[in-house]
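>>> Got a predicted model here, sequence first, then my questions.
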Amino acid sequence: MPRDDGIGAAVRRKEDFRFITGRGSYTDDLNRPGQAFAAFLRSPHAHARVDSINVSPAMAVEGVVAVYTGQDLADAGVNGLPCGWQVHSKNGEPMAEPAHPALAQGKVRHVGDAVAVVIAESRTAARAGAEALEVAYTPLPAIPNMKSAKGAVATVHDDVTNNQCYDWELGDEAEIDAALAASAHQVTLSLVNNRLVPNPMEPRVAIGDFDHASGEHTLYTTSQNPHVIRLLMGAFVLGLPEHKLRVVAPDVGGGFGSKIFHYAEEAVVTWAAAKLRRPVKWTSDRSEAFMTDAHGRDHETTVTLGLDADGKFNALKVITDANMGAYLSTFAPCVPTYLYATLLAGQYTTPKIYAGVRAWFTNTVPVDAYRGAGRPEATYVVERIVEEAARQIGVDPAELRKRNFIAPDAFPYPTPVALEYDSGNYAGTLDKAMAAVDYANFKSRQAASKAAGKLRGIGFSAYIEACGIAPSAVVGSLGARAGLYESGAVRVHPTGSVTFYTGTHSHGQGHETTFAQVIAERLGVPIDNVDVVHGDTNKIQFGMGTYGSRSLAVGGSALAKALDKVEAKAKKIAAHLMEASADDVEFKDGQFTVAGTDKSVGFGDVALTAYVPHNFPHDELEPGLEEQAFYDPANFTFPAGCHICEVEIDPDTGRTEIVNFVAADDFGNIVNPMIVEGQVHGGIAQGVGQALLEGCLYDGDGQLMTGSYMDYCMPRADDLPNFKVETQVTPCPHNPLGVKGCGEAGAIAAPAAVMNAVTDALRSAGVSKPIDMPATPSKIWSALNGA
Amino acid sequence: MPSVSMTINGKKVLGEVEARTLLVDFIREDQRLTGTHVGCDTSQCGACVIHINGEAVKSCTMLAVQANGAEITTIEGLANGDELHPMQEAFRDNHGLQCGFCTPGMIMSAVALAKRNSAPSEKEVRHYLEGNLCRCTGYHNIVKSVIAGARAMS
Ligand code: FES
Ligand code: FES
C-alpha cells in the first residue's frame, strides 16, 4: 500500500500550522536589539540631475542618527549593483551595461530612484528626516517608453547614446523571410505584452546587522535566493567575503520573481549597520514597492506566421522590443532573449524561426523576471498568432494545432531555436482540456448567450515552458555569470528523524511538505519526523534559490542523489548488523532485509548504530549518517499543456466574465497533487490579471500613474471563477524523480487563452481588430462601438 | 504621549503611543503580535484584518487611541490553546494558503462572514472577500476553505 504521506499523496502542508496561527516569521516580524530604522528619499522625477543635497535639516530632526548619500557610498568604496547575465548583440558587441549605483550619483533615472538614506531611532523619525532633506534637482527630458527611447531625444545614460542595451537575434533572417514569402498564407499580428507589477503581498524588508566580536555581517531579507544575494552583494557591491557574510531569508510572503534580484536597500542597510555598529531595518511600504520592485513583461512585438496550403506552419518571424527600464536588474537581459526566443517553437514543428530582440533603456523602474519570465511572452506570441491563423484560414483552432504538434514519439526533439525538448504529449493535454470545457457544445452555449444579448468566445493556449533551470554549462555559454545547479544535504539524526537542508527557497510553494514526502517515501520515515531547512546561508552549504519552477526538478534531484548516498551507506551498516553482504540487502518501507532470509533491521536502528558505533564496520565506514549532493541538470525540463478559456462579454458595459477556465497540464510525476493544483490556480489568476485587469502605466513625463492598489487593478476574489485543473503525466526522462515543474504554467498559459477568447467573442460581433491587454471594459466597449 | 488600554486576545494591555500611531503598528510593534500583517498603505489589501468588538476591521484604518477600551481579537487569539478554530482547520485542510502572508487577515474576515452567514454561497464568499487580496492562491482554495469553515462553525 502506498504511504499516505509519500510521493503522490495530497498531504496537508507541514508549514501551515504556523501561518494559520499567526506564528509565521516574516522578515518584518524580526527585530534586532538596538536596531535603528532606515528611510530612503526617492526621486520625484523620472530624470533629473541632482545638483546638491543638504543633509543638515535632516540631521536636525529629533532621532535621526545618520544620513548617507551616493557620494558617501562611493567614498567608502561601495560599488554599484551587478548584472548577472551578459547578452551579446548580433554584431558581437557585449550589451550596454551602465552603472547602477545603490544611491544616485549625480543623476536620478526613474521615479523612485533612491537619492539618500536617513537612519533614525524610529521609523517615523527616519521618514521625517527623509522629508526634511533638501535636494536641488534640475529636471531633464524623460524617456517614458520605448518609442521615445528609440527616438533618442534624450539619453537615459550618457554612455549609451542610442538608449539601446542590445540588438540580439536568433536564426537567419533572410532564410526565414524567404520561407515566409513562399508560404501559401501569411498572418501577422502586432502585440503588446503589458508591463506588470509583481506585487507579492509581503513588501520587501531588509535588516542589516553586524557582530563586531566576530566581524560577521548579517542581512535578513525577503529573498528567493539568499546565497545568490550573498554572492552578488558580498563579492561585487560591498567586498565582503562569504565566511563573514550571512544572508537569512526566513518566511517570505510571495515572490513571483521580484524577490530574486539584489536590491540597493539590501546593500545599504548591511553597509550602514557595520558603519553605525547597530542593526538597521528598512521596511518597504506598498507605494515604495510599486516604484522599486522590478517590474515584469513590457514587450512590443510584431509576429508573422507562414503556413502552407494544408495549414502546416512553414516559418515564424518575431521582432520584439523589450523595455529594460532605467538600469539592468539582476537577470533582466536574459528574459527577452534566452528565456523567450528559445520557446518560440511552442508545441509545434515549425521548421524555421527567426527572432530579433532589441532591448531599450527608459526612465522607468527596471524590468526583470516575473512569474514565467520570457516564457509567458513567448507563449502569448505563439498562441495568439496560431489562433489568429486558424480563424483567418477557417480551420478549427484545435485542429490547426493538432496538424502542427510535435508527435509524442518524436522526442527528444531538437527545435530550430536551440532547445531539445525531452518528452511530451501535446495532443493528450489538448484533448483533455477540450473534454473538460465541453468544446463540442460550445456553439450552442454561444447561441444561448447571443439570445441573452451577450457575446461568448472561446480561446486556446497550448503552451510550453523550459523549467528546471538550468544546465550550468549551457547557460554559461549563453552569458549567465552563475551556475544553476542545486545542493541538498540529508542529515539523519541518531534516533532516525531527518533534517533536509536545501539551497532552494520556499516563499509559498510548500517545500517543507513536498521534500518531506520524498524523504518519507524513500526512507520510510513519517513526514512528521522530517524537517526541511532553507533560507539561511549559515545553515545551508550553497544554493541557487527558487525561480523558474526549478525547486523540485533541480533541488529535488539533489535530494534524490543525497538520499541515494544515505541509502548506500545505511545498507552497508545494515549488512554489518545482519552479517550479510551489502549487495544482498534490500531496503523498503524503512526496513532493511536480506533476500531469502528472515533477517531485518529498521532504519532507526541503523541510524542509531551510525551514531553509537559500538558494533560498526569501522574499517570500511566513518560513523554518522549525513550526505550532501549537488545536482547540475542534464537539460531543461519542458512542462506543457493546454488551457482553454471561455468568456462572456456584456456589450452594454464591455465587461468580460470568465465563465469557464480549464487547464490540462503535464508536469511529469507529481509529488503532492494538492500543492500542484494550488500552484496552477495562482498562476492562472496572475495570467487572468494580466489579460483583463493589470497594467502598469507611465505618463509622458515618466510619472508612474499606477502606484497603488487604488489605480493598479489586482485580481480580487470576485474577478475570478473556480478553475478546472487536470493533469497528464509524461515523466521527465532525465531527472531522478521524473518531475518537470509547475509553478509558472498558469501565468504562462492563461493570458493567451483569455485574449483568444475575448478576440473570439468580439469577432462574433464583427470586430476583427484585436485589442491589447489588459482587455478592460472601456477598451472592449470602444472596440464594439467603433470608438 | 496618550496612553491606551484595551483587551487583546483576552488579555488587558496598556500602552503609551503617539497620537498618530496606527492600531496595526501598536499591535505589531508595541504588543509584538506579528501575526497581523501590513500589505499596503491605502487600506485595500486586508492583510491587517482583526476583530474589534466582534466586527472585522482593517487595523491600518484606525489609530491606536481610537481602540481605547476595545475588545480585540487577532489571529493569535483565534485558536483555543492548541485547538485550532474551525476556520483555521478549514484553510489547512483545503490548501487555502500558500505563502501565508494574506492568511491571517483572510481568516479573520472569513470568520466574520461565517458568523453572519453560516452557509455562504461561492458568490457570496467571493463578494465578501473583495477587501482581502491574495496574490498566491487565485482564491479558488480560499473560497473552498471559507465555505467549509463556515459549515464547520455552525
Ligand atoms: S494593510 Fe490594512 S488594508 Fe492593507
Ligand atoms: S497566500 Fe500568499 S498572498 Fe495569499
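Received it, and whenever you're ready, just let me know what you need. Numbering: from 1, shown residues only, chains lettered A, B, ... in the order given. Ligands and ions are numbered 1, 2, ... in the order given.
>>> Please count neighbours and contacts with C-alpha atoms only from this point.
Will do.
>>> Walk me through the domains of chain A.
With domains defined by automatic domain parsing, chain A comprises A:16-22+A:485-631, A:31-140+A:201-254+A:259-292, A:299-470+A:635-784.
>>> try chain B
Domain assignment for chain B by automatic domain parsing gives B:3-77, B:86-153.
>>> where exactly do the helices run in the stretch 101-250 of chain A?
For the stretch 101-250 of chain A, applying DSSP state H, counting those that start in this stretch gives helices covering A:123-132, A:146-151, A:173-181, A:226-231.
>>> Based on its surroundings, how many neighbours for the closest residue to ligand 1 within chain B?
Closest contact between chain B and ligand 1, by CA to the nearest ligand atom, is at residue B:43 (3.4 Å). If you count neighbours by other CA atoms under 10 Å in any protein chain shown, residue B:43 ends up with 18.
>>> now swap in the one 4 residues further on and tell me
Counted with other CA under 10 Å, the neighbours of residue B:47 add up to 31.
>>> My guess is it contacts residue B:34. True?
No: with contact defined as CA atoms under 8 Å, residue B:47 does not reach residue B:34; the gap is 11.4 Å.
>>> Any idea which residue of the stretch 51-200 of chain A lies closest to chain B?
Residue nearest to chain B within the stretch 51-200 of chain A: residue A:200 (6.0 Å; CA to the nearest CA).
>>> I'd like to know how many residues surround that residue.
For residue A:200, the neighbour count with other CA under 10 Å is 25.
>>> from memory it sits against residue B:137, does it?
No: under the criterion of CA under 8 Å, residue A:200 makes no contact with residue B:137, lying 11.5 Å away.
>>> so after the helix or strand bottoming out on mean pLDDT in chain A, what's the next helix or strand?
For chain A, the helix or strand with the lowest mean confidence is helix A:472-477, at a mean of 89 (criterion: mean pLDDT, DSSP states H and E). The helix or strand immediately downstream of helix A:472-477 is strand A:486-492, counting by DSSP states H and E.
>>> circling back to that earlier point, could you dump the domains of chain A into JSON lines with mean neighbour count added?
Output for these, formatted as JSON lines (neighbours: other CA atoms under 10 Å in any protein chain shown):
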{"stretch": "domain A:16-22+A:485-631", "mean neighbour count": "21"}
{"stretch": "domain A:31-140+A:201-254+A:259-292", "mean neighbour count": "21"}
{"stretch": "domain A:299-470+A:635-784", "mean neighbour count": "23"}
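>>> Which of these sits closest to residue A:8?
Of all the domains of chain A, domain A:299-470+A:635-784 sits nearest to residue A:8, with 4.5 Å by CA to CA.
>>> Could you give the average pLDDT over that closest one?
Averaging pLDDT along domain A:299-470+A:635-784 gives 97.
>>> and that domain, anywhere near ligand 2?
No: against ligand 2, domain A:299-470+A:635-784 shows no contacts by CA under 6 Å from any ligand atom, the least distance being 9.2 Å.
>>> hmm, that domain touching ligand 1?
No: on the criterion CA under 6 Å from any ligand atom, domain A:299-470+A:635-784 is out of touch with ligand 1, staying 9.2 Å away.
>>> That domain close to chain B?
Yes: under the criterion of CA under 8 Å from any CA of the partner chain, chain B is reached by domain A:299-470+A:635-784 at A:674-675, A:678-679, A:681-686, A:708-710, A:714-718, A:720-723.
>>> Residue A:574 touches residue A:604, doesn't it?
No: using CA under 8 Å as the test, residue A:574 is too far from residue A:604 to be in contact (10.7 Å).
>>> Give the bridge partners for residue A:189, please.
Residue A:189 has these beta-bridge partners by DSSP bridges: residue A:303.
>>> Go ahead and confirm it touches residue A:303.
Yes: here residue A:189 reaches residue A:303: they are 5.5 Å apart, a contact under CA under 8 Å.
>>> so which helix or strand takes in the closest residue to residue A:186 other than its chain neighbours?
Counting by CA to CA, 6 or more residues apart in numbering or on different chains, residue A:186 lies nearest to residue A:306, which is 4.5 Å off, once chain neighbours are set aside. Taking DSSP H and E as the definition, one finds residue A:306 inside strand A:299-307.
>>> between that strand and helix A:173-181, how big is the angle?
Inter-element angle recorded for strand A:299-307 and helix A:173-181: 50 degrees (by axes from the mean of the first three to the mean of the last three CA atoms, to 10 degrees).
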